[in-house]
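K.L.:
Dropping a prediction and its sequence here:
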Amino acid sequence: MDSHEKIHIEKLKGAENYQTWKVLIQLLLTEKGLRKTIDPESRSTEEMAARTPAVKAKEEEDQSKALAAIGLRVSPEFLGIITDSNGSARAAWQEFSRMFQSVTNARKMMLREKLASLRMEQGESAAKKQDSGEGRNGGNRNKGMKKSMVFACPPGSSLEDFWILDSGASAHLCCQKEMFSEMRELREGEAEEIHGVGDSVRVEGIGKVPLICKTEEGEMTEVILEEVKFAPQAQVNLAALSKFLNKGATLHSEKSEVCLRMEGEKFLEASSHEGVSVIRTVSRKPLAFAVNQGDKGRLWHRRFGHASCETLAKMAQDSLVEGLPSAAVLRKAGETLCEDCVFAKQTRKPFHPSNRQSENPLDLVHTDLCGPMHTKSAGGARYVVTFIDDYSRCGTVQLLKTKDQAKQALEAYVSCVETQLGRKVKKIQSDRGGEYWNSEVTEFCARKGIIHQKTNPYSSPENGVAERLNRTLLDKVRAMLSESGLDLKWWGEAVLTASYVRNRTATKTHGKTPLELFFGQKPSVKELRVFGCKAFVHTPIQKRKKLDPVAKTGVFLGYEPGTKGYRILLTSDEKTVTISRDVTFDETERKDPEGAEIWEEPLQSVSPEKVEPEGEMRAEAPETENPPEAEPESGTEKENGTGGSSGTEKNGEEGAEPEVTGKRVRKPSQRYSSKEWVTANLAKETAEPVEPKTLEEALSSPEAELWREALEEEFASLQENQTWELCDPPPGVKPIPCKWAFKLKKDENGNVDRFKARLVIKGFKQKKGVDYDEVFAPVSRHVTLRSLLAVAAAENLEVDQLDIKTAFLNGDLEEEIWMEQPELFETGEKQTACLLKKSLYGLKQAPRAWYLKLTSEMRKLGFEPSAADPALFTKADGNGKRTFVAVWVDDSLVVGEKLAVAEVKEALGKIFTVRDLGPVRYFLGMEVARDRVKRTVKLTQRRAALDLLSEHGMEATRARRVPLNPGEKILKQGEPLNVEKFPYSSLVGSLLYLANCTRPDLAQVTGSLARFMSCPTEDHWRLARNVLSYLAGTSNEGLTYGAESLEFVGFCDANHGGDPETRRSTTGYVFLLGGAAVSWASKLQPTVAYSTVEAEYMAAAYAAKEGLWIRKLAADLGVECKRMTILSDNQGALQLIKHPITSQRSKHIDISHHFVRERVIRGELHYDYCCTSKMPADFLTKALTSSKFELCKEMIGMQ
């Protein structure tokens, strides 16, 4: 060969071309006289030591030349192996052999098995054995010997039972006919033999073989091998690696494990057994490729599309057709079970009527939950829970806002009826709904000695008594609402009224009313009135002037429990629900089906927010119907409810609208206990307080007194703080207007905690450079909060919460600002205005002024702002003990030793007006649950999740296991969504809030959906609701911190080309501290990556930025983190980070990402390898299967 001739060898890409590359490199080095540089060293240690300096120099020169020849013919991602070999071509060659030779060692095992199979007869010489053709040359073979291709198999197993992944095979090969699902004969031109290592075997057919492949995680995938050659003499089953690679599969290997992936999803794994890569498969029954002649009946059964064998037998018996086998053969086939017929034709068994008959009340109680209703009731309910006694058929209903209140309703019902009747509930019958199928109900029944009978899965007709009650009530409700013309939001009142009258209607079975059977007394129906009829309610003299009308018009809604009064919806004044016994009814049947003539203004103007029964009620008590109660002896019907009403006792002789003469004292809302029956049969529908938009709305609302108290408290705080000075403004100065803002403060359970009013200046009318300049003020990151809680859990520190009242009022102003006097508190002349001395909410510079004031005071207390997070203040004492104060505007956390925390709270109380909320339980919309024994802190957003589900009517949705299935794609194309009807932006925004605070499992899917805020489609809306379905089953999940050792560790990953529209990759990273995630992100990369290495490299750069910031935060938190460790599952990216390699594959990567190398060299960052199966950031880059998704959640501390 001409020495100047250019030799072209394809670069090494991986296992797919290693064998070819290996042979060509060996030939090249042989031609150059350098073959010995890669051959194993055979010289002894003494011989190596005896070499002269000249020989050593020559060998080192040959090694360098050979290494250069190899390095020029490998892909850039493998250049790290070249640089790590220290100039030794032999070391690099052995490393490549270690990486890629294992998947082709089947060839070696063929020779090993052949050698092991050689046998010498007694007295036979070695020469004769060699002459017989079974020696090393394999010359004249024994013609009578069965030809075979031999591989090593696991001990104790037959080789024919396994499938071997072979990189050297050119076609799939199978030796067992029963494995084929279909087969054809060889066509002209197709090879009739396959050649192995010195052997050839005959091919008798070609077809398809289905394999059930199982991964290490337990996922099973059916893989169909096509064009498989049937060679029974081969005695081995081979899966050709090249066939998979040609169809787009990628090969990944780790130590002795090999796996194949298609579009990033693993579908096949092979493990090494004595050097052979054996595919993990699940055994399956033989496919019976050839039909047995003795099974003709089953064959004809299948030919007739799985027709009845008895029908076919009659056809054969009556000779209706020709060609069928005998009737006996067909009937014999019908005696065996056909699984396909079972899967396709199986039906439900009939539900036979129950013959049970209860002898006494409470022997058996049926219960069921109906809902959710599409329309919320006026009191906010979406569900109806029903209880019906099996003996008397006496029913009780209760309105619920959420499903989880069903357990409390059950306890209250049992307690009440057992007290009223002096009997015990013996059995309860329900379906398998989650409201009853839980440990709490099971524990309650066990404690009370009640037998809980449940229906079979998906067999609700077995709970027919309760189901029939639901149907009866809803039939009545539809008719009552239709006649009354009331809005659908009053369905709750209609359900309660329907149950009330049903209990007073005779049953067919006994010919008596349920109330009489239940209590033994006949009920009176003299006071029944038509639901929705026109009513005139007497107005007490205390509530009207002398010339005012003595009655108001309204609509009859039902019967007030615990009194003899009626519930009337007023239509003439405040649109409220009042209770009174002095009512005149007009029950004339109206010709107008809508009933518009009873309204003084359109019905639609009645808003549920303003519906408030007169008399105070518990805001969170479920609306209920009491169990029926015995009639009073006087014969006047007493209310069908025996428990106490949830409302306070009415003042006045008539028991109607109580006179409010002073301020109401509102107690915090609490759920009722099991012994406290909150509202009885047809209980009140209570609308939750709403946040008024204006001062007029606040003072005219049912909570006017409470809002007035909040206004006076806020104004007193402003006066005490000397926020302004009243005087006349200079000529030409127009004061900035202000307004009152109102807010309902709620606790972790969603209950109203207090009413808050705040004076806000209309800062949008300010002008930059005139009355404000700098406005920036830092706010602490959620990463800081989570890291701080992890430190507190590990070191058992106190975490107390403070609320700084009117925080912005403490900031000092540098500009002269004039403001109009606040409404309702004007004094002096008309032109008198407020010259502000302190900052005020709404001013553009207010946040900055407050932060500067806070920083100044904190420094006086010995605290310094963190370099990483300026809103985190730290202080260390002489013993190295640290105290932290993290501030979010006016909410703050104080973390440290118990004595130090108390000192900080006392010092801040002397400077500012603060509310000490004690140990943190609810902070920034997140619930904080702490276990001091286990030293754990759990961060959740259960309340926010349930509110979101309730807002979209999905409390009862069937839970999904993953938010996004692997097969679902989020595409731009689709039918445009009507955003006025479907609040897509609001829903995705709420999901993003959850994903950013405590739910990293939602980060990937919500990030993808958020890209289409401006142009959502119906598919996007469907996928967003699927996320809600997943949230319904995981609302209690959150992050749990509690590891004993505190150490930051990061993980980064990328999904190459994951976005189907732009083909940009998705970056995902997560950092853990204390056993759970403190920082995470899932974002689309700004540019398209040409390769997986590039995508992973850019992901590592993003993770590096966050890791460097966390490293600074760790120093302020007292967590040792000299070098941040970040793990990646891509070897090529790691090589690119560790070695300064520039090639055609990497030089185009944006220079901004190369700062990672610099940080690694400095020792600030350290990158290491992590296998894909242990990569928790994987679920931040793409949709995963449920098993892998749950594994990722577990690895980041989600429970």
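P.N.:
Nice, I can see it.
K.L.:
all contacts plus neighbour counts: C-alpha atoms, from now on.
P.N.:
Fine.
K.L.:
Angles on the backbone of Y1167, please.
P.N.:
The main-chain torsion angles of Y1167 are listed as degrees, to the nearest 10 and equal phi -100, psi 140.
K.L.:
Apart from its neighbours in sequence, what residue is nearest it?
P.N.:
Across the structure, with CA to CA, 6 or more residues apart in numbering as the measure, the residue nearest Y1167 apart from its sequence neighbours is I1126 (5.0 Å).
K.L.:
Within its sheet, name the partner strands of the helix or strand that contains that neighbour and how each one runs.
P.N.:
In this structure, I1126 is located in strand 1124-1128 according to DSSP states H and E. Strand pairing for strand 1124-1128, using DSSP bridges, gives strand 1049-1055 (parallel), strand 1165-1169 (parallel).
K.L.:
returning to what we had before: if I look at the residue nearest to Y1167, how far off is E1094?
P.N.:
Distance check for I1126 against E1094: by CA to CA, to the nearest Å, it reads 17 Å.
K.L.:
ditto for T30
P.N.:
In this structure, T30 lies at 36 Å from E1094, with CA to CA as the measure.
K.L.:
between those two, which one's more packed in?
P.N.:
Shown here are T30 and E1094; by other CA atoms under 10 Å, E1094 has more neighbours (22 against 13).
K.L.:
three-state assignment of the more buried one?
P.N.:
helix (DSSP: H, G, I helix; E, B strand; the rest coil).
K.L.:
so it touches Q1131, yeah?
P.N.:
No. The criterion here is CA atoms under 8 Å, and E1094 misses it with Q1131 at 11.5 Å.
K.L.:
Bridged to the residue nearest to Y1167, which residues?
P.N.:
In this entry, I1126 is beta-bridged to G1050, Y1167, by DSSP bridges.
K.L.:
Can you read off the pLDDT for it?
P.N.:
Model confidence at I1126, expressed as pLDDT, equals 92.
K.L.:
residues in contact with it?
P.N.:
Contacts here follow CA atoms under 8 Å, 6 or more residues apart in numbering; on that basis I1126 touches 1049-1052, 1103-1104, 1107, 1165-1168.
K.L.:
Return the set of buried residues in the host helix or strand of V904.
P.N.:
Using DSSP H and E, V904 sits within helix 898-911. Applying a neighbour-count criterion of 16 or more other CA atoms under 10 Å, the buried positions in helix 898-911 are 900-901, 904-905, 908.
K.L.:
Pick out the least confidently modelled helix or strand of the protein, by mean pLDDT.
P.N.:
Taking mean pLDDT, DSSP states H and E as the measure, the helix or strand of the chain with the lowest value is helix 126-129, at a mean of 38.
K.L.:
Mind giving me the packing neighbours of the helix or strand that that one is followed by?
P.N.:
For helix 126-129, the succeeding helix or strand toward the C-terminus, using DSSP H and E, is strand 164-166. Counting contacts by 3 or more CA pairs under 8 Å, 6 or more residues apart in numbering; DSSP states H and E, strand 164-166 is packed against strand 238-240, strand 276-279.
K.L.:
Now do the same for the shortest one: mean pLDDT, whole number.
P.N.:
It stands for strand 238-240. On average, the pLDDT along strand 238-240 is 89.
K.L.:
chain center to the helix or strand just after it, what's the gap?
P.N.:
Moving toward the C-terminus from strand 238-240, the next helix or strand (DSSP H and E) is helix 241-246. Here helix 241-246 shows a centroid-to-chain-centroid distance of 37 Å under the convention CA atoms, centre = their mean, to the nearest Å.
K.L.:
try stretch 20-29
P.N.:
If you compare the mean C-alpha spot of stretch 20-29 with that of the full chain, they lie 53 Å apart, counting by CA atoms, centre = their mean.
K.L.:
quick one, strands of the stretch 501-650 of the chain?
P.N.:
Listed in chain order, the strands of the stretch 501-650 of the chain (DSSP state E, counting those that start in this stretch) span residues 534-538, 551-559, 566-570, 577-580, 583-586, 623-624.
K.L.:
Next secondary structure after the shortest one?
P.N.:
Sequence-wise, the next helix or strand downstream of strand 623-624 (DSSP H and E) is helix 695-700.
K.L.:
Could you give me the buried positions within that following helix?
P.N.:
Neighbour-count burial for helix 695-700, with 16+ other CA under 10 Å as criterion, is recorded at 695, 698.
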